[in-house]
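Q: Give me coordinates for this.
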Amino acid sequence: LLGCVSLFGVGQVQVVQAEVLNPQHVNNNLKSNTTFTQGDFTYTVVVDGVKLSKFSSSSDITDVNIPDSVSYNGVKYPVVWLDDSCFLNCVNMKSVKIPSQVTRLGMFCFSGCSSLTSVEFSSWINIFGSKCFLDCVNLKSIYIPDGDTFMDDYCFYNCKSLTTARLPNGLKTLNKYCFF
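A: Numbering: from 1, shown residues only. Predicted coordinates:
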């Protein structure tokens, strides 16, 4: 993975990445931005796999286990990031398990998940987008595995029950009001 990080303005992070794809991810019939749905998840093809774009669940689903990978048209894609607002206001979700290849949480990713008490990271997260856990008022503790990590503004803002936050060795940026 090749990467370049450019910081500009107050609290803004821009990340540009390029990666050599594993041949199992290449499919000439699918282009980036192709969207498909499997079960409760909607995915969008990106250069290095798929991003989880939307979660549409019935109100009785409380424990969410995001798959490591998904197959579509005979091609297996790793789930590499959670898109902006993909779990926004999922008020009945109590726990979520994030797979090891996910390295980015988009803005507002889990915002408003007021019943969320448990988040399990299988591996390090490189980017926590702005307000990704905003108003997760029942989240009690968070353990973030070690790795180069950038945490944008208001990541855990208004997480009133948060009493323990284990931050990673390798934390590069902790922007304003992250734990306010």
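Q: Look up how far residue 91 lies from residue 113.
A: 7 Å (CB to CB, to the nearest Å). The way it works is simple: take the backbone N, C-alpha and C, and place the C-beta from them, glycine included.
Q: so how far is residue 85 from residue 145?
A: Distance check for residue 145 against residue 85: by CB to CB, it reads 24 Å.
Q: swap in residue 131?
A: 10 Å.
Q: Between those two, point out the one with more neighbours.
A: Neighbour count, other CB atoms under 10 Å: between residue 131 and residue 85, residue 131 has more, with 25 against 20.
Q: For that one, which residues are in contact?
A: 107, 108, 111, 152, 153, 154, 155, 157 (CB atoms under 8 Å, 6 or more residues apart in numbering).
Q: show me what contacts the second one?
A: With contact set as CB under 8 Å, 6+ apart, residue 108 has these partners: 84, 85, 88, 129, 130, 131, 132, 134.
Q: now it, nearest residue through space, not along the chain?
A: residue 85 (4.5 Å; CB to CB, 6 or more residues apart in numbering).
Q: correct me, but residue 153 touches residue 177?
A: Yes: counting by CB atoms under 8 Å, residue 153 sits close enough to residue 177 to count as a contact (6.0 Å).
Q: follow-up on the earlier one: shared neighbours, residue 131 and residue 85?
A: Common neighbours of residue 131 and residue 85 (criterion: CB under 8 Å, 6+ apart): 107, 108, 111.
Q: Now do the residue nearest to residue 38 when sequence neighbours are not counted against residue 173, distance only.
A: Distances taken as CB to CB, 6+ apart place residue 70 nearest to residue 38, at 5.7 Å, with adjacent residues excluded. The span separating residue 70 from residue 173 equals 31 Å under the rule CB to CB.
Q: Which residue of these two possesses the greater neighbour count?
A: residue 70 (19 against 16).
Q: quick one on the thing from earlier: may I have the secondary structure class of the residue nearest to residue 108?
A: Secondary structure, DSSP: H, G, I helix; E, B strand; the rest coil: residue 85 is coil.
Q: I figured it was touching residue 110, is that so?
A: No: Residue 85 is beyond contact range of residue 110, at 9.4 Å (criterion: CB under 8 Å).
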